[in-house]
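> fold the following for me, if possible:
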Amino acid sequence: MLLVEDEPAQREMLAYNLEAEGYAVRRAENGEEALLLIDEAAPDLIILDWMMPRVSGIEVCRQVKSRPETRGIPVIMLSARSEEVDAVRGLDTGADDYVVKPYNLAELMARVRGQLRRVRPAASGVLLRFEDITLDAQTHRVLRAEAELKLGPTEYRLLLVFLEKPGRVLSRDQLLDLVWGRDIYVDSRTVDVHIARLRKVLTAQGGSDPIRTVRGAGYAMG
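Down below sits the predicted model:
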């Protein structure tokens, strides 16, 4: 998740509460820094202040929503501008939600959860399925053709990411970010090792290999 807020006290307060909810939060203090962080690694969600120096929140939102690779990222825009015309302008720029300052923290957290449920199905506790593979994110059980599979924690997270994005090709760097996180250094070859382990478990009962290797690009489920 990326939090973009130029006021330090507001930024740290909100980041603290988001992290207390279990979210990994990257911080940016202006729109220019935000765009650099988005280019480095696309976040699952952006909380974006409207009024910022250098590059405004409106411009950041416009750029995010104009790029095919980032337009699916939900953007929650924060603004002290309470006029209806301002909310309309923010939403017309592509923002998925618009929250007026001062906001109710519990309500903002609920909106964050709502947007994440839309883009991360596992966050809502729904079952994830691909062909005969089923993953229950609430119980951490994985079935293939009704047989329960025993996965290590890393292989489980890999499968979760693939099932949330079936058909999408994910590079090794993207998998490193989504599965291991940006704060831990892991050699990209480690991804190949865990992919091989996941494949071994998925095909142990004679099933076909559902993970596709895309030469020079990465891996995909299906």
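
> and the residue nearest the centre of the chain, how far is that from K101?
Most central in the chain under Cα atoms, centre = their mean is D44, positioned 2.3 Å from the mean C-alpha point. Applying Cβ to Cβ, to the nearest Å, the value for D44 to K101 is 23 Å. Placement of C-beta: from N, CA and C, glycine included.

> helix or strand next in line after the one helix or strand in the chain whose mean pLDDT sits lowest, which one?
When the helices and strands of the chain are scored by mean pLDDT, DSSP states H and E, helix 84-92 comes last with a mean of 67. For helix 84-92, the following helix or strand on the C-terminal side (DSSP states H and E) is strand 97-100.

> by contact count, what packs against that next one?
strand 75-79, helix 84-92, helix 105-119 (3 or more Cβ pairs under 8 Å, 6 or more residues apart in numbering; DSSP states H and E).

> buried residues in stretch 25-33?
V25, R26, R27, A28, E29, N30, G31, E33 (16 or more other Cβ atoms under 10 Å).

> most widely separated two among these?
Within the buried residues of stretch 25-33, two members stand farthest from each other by Cβ to Cβ: V25 and G31, at 17.3 Å.

> skipping its backbone neighbours, what lies nearest Q174 in space?
Among residues not flanking Q174 along the chain, G218 sits closest, at 7.0 Å (Cβ to Cβ, 6 or more residues apart in numbering).

> for the helix or strand where H194 lies, which helices and strands make contact with it?
Counting by DSSP H and E, the element that carries H194 is helix 189-202. Secondary-structure packing of helix 189-202 (3+ Cβ pairs under 8 Å, 6+ apart): helix 153-164, helix 172-175, strand 211-214.

> which residues of the protein score low on pLDDT?
81-87, 89-90, 117-126, 182-185 (pLDDT under 70).

> quick one, domains of the chain?
Following automatic domain parsing, one gets these domains for the chain: 2-119, 124-221.

> what's the most buried one of these?
Highest mean neighbour count among these (mean count of other Cβ atoms under 10 Å): domain 2-119, with a mean of 17.

> assign the closest residue to L105 other than its chain neighbours to helix, strand or coil.
Take L105 and drop its neighbours on the chain: the residue closest to it by Cβ to Cβ, 6+ apart is N17, 6.1 Å away. With DSSP: H, G, I helix; E, B strand; the rest coil as the basis, N17 sits in helix.

> with the one 5 residues further on instead?
Under the three-state scheme (three-state DSSP), the conformation of G22 reads as coil.

> how far away is it from M109?
The value you get for G22 to M109, if Cβ to Cβ is used, is 11 Å.

> ok, now A42?
22 Å.

> one more: V201?
Taking Cβ to Cβ, one finds V201 at 36 Å from M109.

> again with E12
Separation of E12 from M109 (Cβ to Cβ): 16 Å.

> OK, contacts around the closest residue to V99 other than its chain neighbours?
Nearest residue to V99 in three dimensions, chain neighbours excluded: L78, at 5.3 Å (Cβ to Cβ, 6+ apart). With contact set as Cβ atoms under 8 Å, 6 or more residues apart in numbering, L78 has these partners: E5, I47, L48, D49, W50, G57, V99, K101, Y103.
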